[in-house]
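In: Turn this into a model:
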Amino acid sequence: MFGNLNRATILTNSSLFIALIAGFSWISIPIPIPLFPVPVTLQTLAVLLAAAVMKRHAIIPILLYLLLGTLGLPIFHNGMSGLGVIFGPTGGYLFGFIPAVLVAGIAYEHKKRGIRIAGLTLATLLIYLGGISWLIISTGMSAYAAVISGMVPFLPGDLVKGVAVFLIASRLEHILELPFRQ
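Out: Down below sits the predicted model:
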């Protein structure tokens, strides 16, 4: 790694985003929805921000985050960890992070705002797809029930997080010379 600035930057950013995702998974903001209050974590904000900053290289901190959490480091939501979380009802959302960062990261390799917004939107939908699919498999829920309980209540919070990622990443590009810019 000596003398290779690109690798050093990837390693540094990976460490930063693993810590950011883990830290943001502890932050829950209760969203008052008429039928049921929904706690929204900032974990997906950090995941999408990693993709916006690191581009396709964001797969590295995501895979390491999942590995560390699976091995027992208490870095998942509210300090949870282990195979029980991975194979529990919310494990699909965690695995949805993998295709999500690839899609958003590749979208952020383009300069066009529309492509970046589409990438963030598709990435969020991929996280939902992973989560809802696993809810159906692991709990035996119907597809309708899984969508109603595992996606609909979180849409407003994820819309706000997507806008926040877009604005933060845009601001960072103007302030810093980010690595991996093309």
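In: The chain: strands as residue ranges?
Out: Shown for the chain, the strands assigned by DSSP state E span residues 28-31, 38-41.
In: For the closest residue to residue 95 other than its chain neighbours, list the residues it contacts.
Out: Among residues not flanking residue 95 along the chain, residue 130 sits closest, at 5.1 Å (Cβ to Cβ, 6 or more residues apart in numbering). Yep, even glycine has a C-beta here, placed from its N, CA and C like the rest. Counting by Cβ atoms under 8 Å, 6 or more residues apart in numbering, residue 130 touches 92, 93, 94, 95, 96, 97, 99.
In: List just the nearest of those residues to residue 51.
Out: Among those, residue 97 lies closest to residue 51 (Cβ to Cβ), at 9.4 Å.
In: from memory the closest one sits against residue 47, does it?
Out: Yes: using Cβ atoms under 8 Å, residue 97 is in contact with residue 47, at 5.1 Å.
In: list the residues that contact both of those two?
Out: Counting by Cβ under 8 Å, 6+ apart, the contacts common to residue 97 and residue 47 are 62, 127.
In: Looking at these two now, which is surrounded by more residues?
Out: Between residue 97 and residue 47, counted using other Cβ atoms under 10 Å, residue 47 has the larger neighbour count: 30 against 27.
In: confidence score at that one?
Out: Note for residue 47: predicted pLDDT of 97.
In: Check residue 89 too.
Out: We have a pLDDT of 87 for residue 89.
In: so it touches residue 135, yeah?
Out: Yes: using Cβ under 8 Å, residue 89 is in contact with residue 135, at 5.7 Å.
In: the more surrounded of those two?
Out: Set residue 89 next to residue 135 and count neighbours by other Cβ under 10 Å: residue 135 wins out with 24 against 17.
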